[in-house]
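**Student:** pasting a predicted model and its sequence here:
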Amino acid sequence: MTGEIELREVEVKLQEEVIIPRVSLKLEGPGLVTVIGPNGSGKTTLLRTIMGLIKPVHGWVLVNGEDVTGNPEAAGKHIGYVPQLSAFNKGFPITARELVESSLSLRLKPLRLRTPSEIREAAIRALGAVGALDYADKPISSLSGGQLQRVLIARALVWDPPILLLDEPVSAIDPAGKMEMVELIAKLSREKLVLVASHDPGIYARDSKLIVVVNRGIRLAGPPSEVLDPRKLAEVYGDSVMLVEKCVHLVDGHAA
């Protein structure tokens with residue numbers, strides 16, 4: 001199964017403010033879907049709603065045909081979720097490998113279905129798949145932003161979900177590391193449905209099959225060749241859109 005997400009008339013309010021008015025959207029994998037929008041436009045809210053961490057005031061979220069509305073346990077059977085690095089506590093005394101192992105152990109009920117050696121081997125495979133084996137036994141507190149991001153993706157991948165949600169996965173990574181991470185995400189999207197929230201649409205444009213532009217609702221959705229039109233984006237971003245040598249650039253703060 002390569003993954004399917006469907007939003008049916010979903011409306012989300014936070015503190016009585018409508019963040020996502022009623023929207024409907026259907027996404028099918030495999031492939032990379034990039035979610036962009038201005039700061040505070042609702043990108044993270046959209047991902048958290050799909051993950052069941054936020055319950056909409058109206059509508060339904062279906063993942064692979066199952067109603068997961070407001071139910072992270074149900075959504076978690078289908079989705080690997082990587083939140084923003086800023087939301088992760090690096091101070092927890094655990095190694096990279098142990099962090100990945102803990103994710104797998106929590107999903108195995110009862111635990112007798114897997115031995116400790118099998119869990120360890122699965123964690124090592126996941127860390128290897130994202131290029132993180134060299135620091136598998138290092139404390140997470142000692143890892144750089146790029147290294148920790150790889151470990152968090154390994155944690156989401158270890159049980160081989162058909163869908164990945166990645167919230168700003170390159171925001172704390174140096175320029176060279178960003179391109180390596182984009183290549184990794186593109187590779188993963190060949191077999192899975194991958195949704196990535198980003199404030200920079202250009203970095204994923206080559207590999208995205210669909211770009212969804214949000215600003216208190218879904219304003220645009222389509223292939224990059226159609227969506228990354230300065231005139232269309234100006235309707236969402238206003239003066240933040242610049243056209244430099246026929247390349248679209250967005251001047252926006254860190255996305256929320």
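**Tutor:** Received the coordinates, thanks.

**Student:** can we go C-alpha only for contacts and neighbour counts from here?
**Tutor:** Noted.

**Student:** low-confidence stretches in the stretch 1-150 of the chain?
**Tutor:** Residues of the stretch 1-150 of the chain that meet the criterion pLDDT under 70 lie in 1-2, 106-114.

**Student:** just the helices in it please.
**Tutor:** Using DSSP state H, counting those that start in this stretch, the helices of the stretch 1-150 of the chain run over 43-50, 72-75, 96-107, 116-129, 145-157.

**Student:** now tabulate those helices in CSV and tack on mean neighbour count and distance to residue 204.
**Tutor:** Output for the helices of the stretch 1-150 of the chain, formatted as CSV (neighbours: other Cα atoms under 10 Å; distance: least, Cα to Cα, whole Å):
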stretch, mean neighbour count, distance to residue 204
helix 43-50, 24, 16
helix 72-75, 18, 25
helix 96-107, 20, 26
helix 116-129, 18, 20
helix 145-157, 24, 17
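
**Student:** in JSON lines: those helices, plus distance to residue 6.
**Tutor:** As requested, these are exported to JSON lines (distance: least, Cα to Cα, whole Å):
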{"stretch": "helix 43-50", "distance to residue 6": "9"}
{"stretch": "helix 72-75", "distance to residue 6": "12"}
{"stretch": "helix 96-107", "distance to residue 6": "24"}
{"stretch": "helix 116-129", "distance to residue 6": "28"}
{"stretch": "helix 145-157", "distance to residue 6": "21"}
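
**Student:** nearest to residue 18, out of those?
**Tutor:** With respect to residue 18, and counting by Cα to Cα, the nearest of the helices of the stretch 1-150 of the chain is helix 43-50 at 11.0 Å.

**Student:** report the contact partners of the closest residue to residue 95 other than its chain neighbours.
**Tutor:** Residue nearest to residue 95 in three dimensions, not counting chain neighbours: residue 139, with 4.1 Å by Cα to Cα, 6 or more residues apart in numbering. For residue 139, the contact set (Cα atoms under 8 Å, 6 or more residues apart in numbering) comprises 93-96.

**Student:** ok, now which ones touch residue 167?
**Tutor:** Contacts of residue 167 by Cα under 8 Å, 6+ apart are 44, 47, 82-84, 196-198.

**Student:** out of the residues you listed, who's nearest residue 158?
**Tutor:** Nearest to residue 158 among those: residue 82, at 12.4 Å, using Cα to Cα.

**Student:** domains for this protein, by residue range?
**Tutor:** 1-78+161-256, 92-159 (automatic domain parsing).

**Student:** right, and the helices of the stretch 1-150 of the chain - which one's nearest residue 226?
**Tutor:** helix 43-50 (20.0 Å).

**Student:** and the closest one, what does it pack against?
**Tutor:** strand 163-167, strand 193-197 (3 or more Cα pairs under 8 Å, 6 or more residues apart in numbering; DSSP states H and E).

**Student:** out of these, which comes closest to residue 186?
**Tutor:** Of all the helices and strands packed on helix 43-50, strand 193-197 comes closest under Cα to Cα, at 8.6 Å.
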